Every structure is written in structure tokens, then in C-alpha cells.
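>>> quick one: sequence and predicted model below, then my questions.
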Amino acid sequence: MITPPLSNLDVSGCVNTSQKYTINYISIAPPVGSIMAFTVGTSPDGWLLCNGVSYGKTQYAALFAVIGITFGGNDTSFNVPNYQGAFLRGTGTNGSYSGPALNASQAHATQTHAHTASSVVTDPGHKHSQYTINDDFNMSGGAPSGTTPSFPASDSAGSRTWDNLNNSTTGITVATTIANSTTSVDANETRPYNYGVWWIIKY
């Protein structure tokens with residue numbers, strides 16, 4: 001801990017310390033292992049890019065003491081996390097939402113849902129009509145000479161009779177099943193609007 005100075009100290013450059021320092025007994029340095037978003041492609045002093053690179057255990061001993069070989073490593077080296085292309089999410093459960101376990105990842109997922117389609121076919125019944133002719137012969141003339149006729153010498157067509165069949169339904173049932181899949185639109189993943197940054201880790 002640094003004792004508050006008796007006078008001001010003006011610095012035009014950087015002040016590097018090997019330990020954390022405080023102002024009014026409040027630490028102003030983030031703890032080792034902290035993750036922060038950064039908009040430059042190179043890490044600032046005291047930080048490393050979260051790109052999965054391997055470092056010597058003694059090179060960044062304080063960081064190794066915090067994360068160990070959680071993200072990979074061996075007897076002499078350890079890896080920083082690789083958060084390239086990843087969203088960070090709080091671990092634990094909040095109501096219906098559950099994040100991954102600490103230092104674990106979740107695979108792609110789509111929430112369970114349904115798409116409903118229906119169709120209605122109505123058969124109100126219908127009629128078939130037909131008519132019959134009692135007699136459709138028109139005849140005239142007589143029997144040949146020397147014979148006795150067995151039918152009248154003339155006749156005319158009889159009347160027509162209409163018969164309506166009863167209402168009837170077809171008994172047909174129409175069932176519709178729709179299965180549809182979508183193709184990706186400019187992507188092979190589902191994602192919200194986002195902006196690219198580097199995740200960096202404090203050592």
C-alpha cells in the first residue's frame with residue numbers, strides 16, 4: 001500500500017508498478033484474470049489477447065496462478081482463453097435462463113417452438129338429378145296384310161319424370177401436413193446484431 005504523498009507527483013508518461021496500488025485505500029487496478037473488451041488489435045501493457053495462445057508459466061506467473069491450465073497447457077506452459085468469435089455470458093441460472101458452467105462454452109441452440117398450419121375442407125352435401133321417359137317411342141302405321149296387330153297403330157312419347165337423389169356427402173377427409181426448412185441468409189449461424197472487439201485478459 002502506498003502512503004498518500006505529502007505533495008503532488010506529476011507524471012507525463014506511464015508509471016509501471018510490480019504490485020497493485022491504491023488511491024485513498026481503494027485499488028484502481030483490475031484483478032489478475034479480469035476480462036475486458038478492447039478496440040485495438042494489440043493488447044495494452046498488463047493485458048493479453050484472449051486468442052488461445054500458449055505462454056510460459058513463469059513468464060506470467062500471476063495469471064497462471066489464477067487460471068492454471070483451464071484453457072490448455074502442459075508442464076511448462078499454459079493457454080489463455082480463446083474468445084475469438086464468441087459472446088460472453090454470465091454463468092449460473094436466472095429464472096428460465098441458464099448460462100454455461102464457469103469457463104465452459106455452450107453450443108448453438110434454437111429454443112423449442114412450433115409453426116402451425118391448418119386447412120379446412122367443407123363438404124356441405126349435394127344432389128344428383130336424373131330423369132326418365134315413360135315411353136320414348138313414336139310410332140305410326142299398321143300391321144302387314146294377313147296379320148293381327150298386337151300394338152296400336154300409332155303412339156307418342158310419354159312424359160318425362162324427374163327423380164332427385166338424396167343429399168350425400170363424399171366421406172372424404174383431407175389432412176394437411178406441412179414440413180418446411182429455411183436456408184441460411186448470408187450466414188451459417190443465427191446471431192444478433194454485433195460489433196467486433198478483442199477480449200483481453202489481465203495478467
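Great, that's in hand. Residues are numbered from 1 along each chain as shown.

>>> only alpha carbons, please: show stretch 60-72 as CSV.
Provided in CSV are the C-alpha atoms of stretch 60-72 (Å, rounded to 0.1, in the frame of the first residue of the first chain):
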residue,chain,number,x,y,z
TYR,A,60,3.1,-14.7,-16.5
ALA,A,61,3.1,-16.5,-13.1
ALA,A,62,0.4,-14.3,-11.6
LEU,A,63,-2.0,-15.1,-14.4
PHE,A,64,-1.1,-18.8,-14.3
ALA,A,65,-1.8,-18.9,-10.6
VAL,A,66,-5.4,-17.7,-11.3
ILE,A,67,-6.4,-19.7,-14.4
GLY,A,68,-3.9,-22.6,-14.3
ILE,A,69,-4.4,-24.9,-17.3
THR,A,70,-8.1,-24.4,-17.5
PHE,A,71,-7.8,-23.5,-21.2
GLY,A,72,-5.0,-25.9,-22.1
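
>>> strands of the protein, residue ranges please.
In order along the chain, the chain carries the following strands (DSSP state E): 22-23, 26-27, 35-38, 47-49, 54-56, 77-79, 93-94, 97-98, 129-133, 139-140, 154-155, 160-164, 198-202.

>>> same question for the last one, mean pLDDT?
The predicted model assigns strand 198-202 a mean pLDDT of 97.

>>> ok, that strand: who's next to it in the sheet?
strand 35-38 (antiparallel), strand 47-49 (antiparallel) (DSSP bridges).

>>> can you list the neighbours in contact with the first one?
Residues outside strand 35-38 that contact it (C-beta atoms under 8 Å, 6 or more residues apart in numbering) are Pro30, Pro44, Trp47, Cys50, Tyr83, Leu88, Val197, Trp198, Trp199, Ile200, Ile201, Lys202. Quick note: C-beta positions are derived from backbone N, CA and C, even for glycine.

>>> ranking the strands paired with strand 198-202 by burial, who's on top?
Greatest average neighbour count among the strands paired with strand 198-202 goes to strand 47-49 (a mean of 18), per mean count of other C-beta atoms under 10 Å.

>>> sorry, back to before: want to throw the strands paired with strand 198-202 into TSV with distance to Gln111 and mean pLDDT?
TSV is the format used below for the strands paired with strand 198-202 (distance: least, C-beta to C-beta, whole Å; pLDDT from 0 to 100):
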stretch	distance to Gln111	mean pLDDT
strand 35-38	27	96
strand 47-49	33	98
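
>>> need those strands in CSV (columns: distance to Phe78).
As requested, those are arranged in CSV below (distance: least, C-beta to C-beta, whole Å):
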stretch, distance to Phe78
strand 35-38, 16
strand 47-49, 11
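
>>> what sits opposite Ser77 in the beta ladder?
Beta-bridge partners of Ser77, as defined by DSSP bridges: Gly56.

>>> what about it, neighbour count?
Close neighbours of Ser77, defined as other C-beta atoms under 10 Å, add up to 16.

>>> helices of this protein, start to end?
Taking DSSP state H as the test, the helices found in the chain are 61-67.

>>> can you list the weak-confidence ranges in it?
Counting by pLDDT under 70, the ranges of the chain that qualify are 1-9, 13-27, 124-171, 180, 182-186.
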